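J.: generate coordinates for the sequence data below:
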Amino acid sequence: MQKEAMLTQLGYTPNSALISQLERIQSTTTGYDKIQKHIMDLHDHLKIDGSYVAMSNTNDYFKIKIDAPSKELAQEAHEKVQHFSEKFKIEVDKLDNKETYYIVGFDH
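T.: Numbering: from 1, shown residues only. Reported below is the predicted structural model:
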């Protein structure tokens, strides 16, 4: 997928700084080429629950932000992340005391 198209699908307006950030994330994420499509699919599935995938401002990883308006939708979003991780063998790290995960990469 083209970098500009990926940024647009994630809700960003592509510019050189965001493209550079995306390139850093791609190089940091283990097995990125194998999981890129799954990341975008997860983003689409999470939007239903008011959650999303975004680029982290503090680390060179994609983050999954659970921002659901109710406990039920938040639980559903967490279950989607768990299913995504197990089905596609993708390592995610949940941040302590936050409704956020980092997508670390393909878990061989």
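J.: so where's the protein uncertain?
T.: Within the chain, the segments meeting pLDDT under 70 span 1, 108.
J.: against I66, how distant is the most centrally placed residue in it?
T.: Nearest residue to the geometric centre of the chain (C-alpha atoms, centre = their mean): V53, 3.6 Å. According to C-beta to C-beta, to the nearest Å, V53 stands 11 Å off from I66. C-beta: built from backbone N, CA, C; applies to glycine.
J.: joint contacts of these two?
T.: Common neighbours of V53 and I66, using C-beta atoms under 8 Å, 6 or more residues apart in numbering, are L46.
J.: tell me the contacts of the residue nearest to F62 when sequence neighbours are not counted?
T.: Counting by C-beta to C-beta, 6 or more residues apart in numbering, F62 lies nearest to I103, which is 4.3 Å off, once chain neighbours are set aside. Neighbour list for I103: T29, I35, I39, V53, Y61, F62, K63, I64, I90, E91, V92 [criterion: C-beta under 8 Å, 6+ apart].
J.: who's in contact with the helix or strand where the third one lies?
T.: Meaning I39. Per DSSP states H and E, I39 falls inside helix 32-47. For helix 32-47, contacts defined as C-beta under 8 Å, 6+ apart pick out 1, 6, 9-10, 25-26, 29, 52-53, 62, 64, 66, 77, 80-81, 84, 88, 90, 103, 105-106.
J.: quick one: contacts of the lengthiest helix in the chain?
T.: Counting residues, the longest helix found in the chain (DSSP state H) is helix 71-88. With contact meaning C-beta under 8 Å, 6+ apart, helix 71-88 is reached by 35, 38, 42, 45-46, 49-51, 64, 66, 68, 90-92, 99, 101.
J.: now with 7 Å, please.
T.: Here helix 71-88 makes contact (C-beta atoms under 7 Å, 6 or more residues apart in numbering) with 35, 38, 42, 45-46, 49-51, 64, 66, 68, 90, 92, 99, 101.
J.: brilliant, that's me finished.
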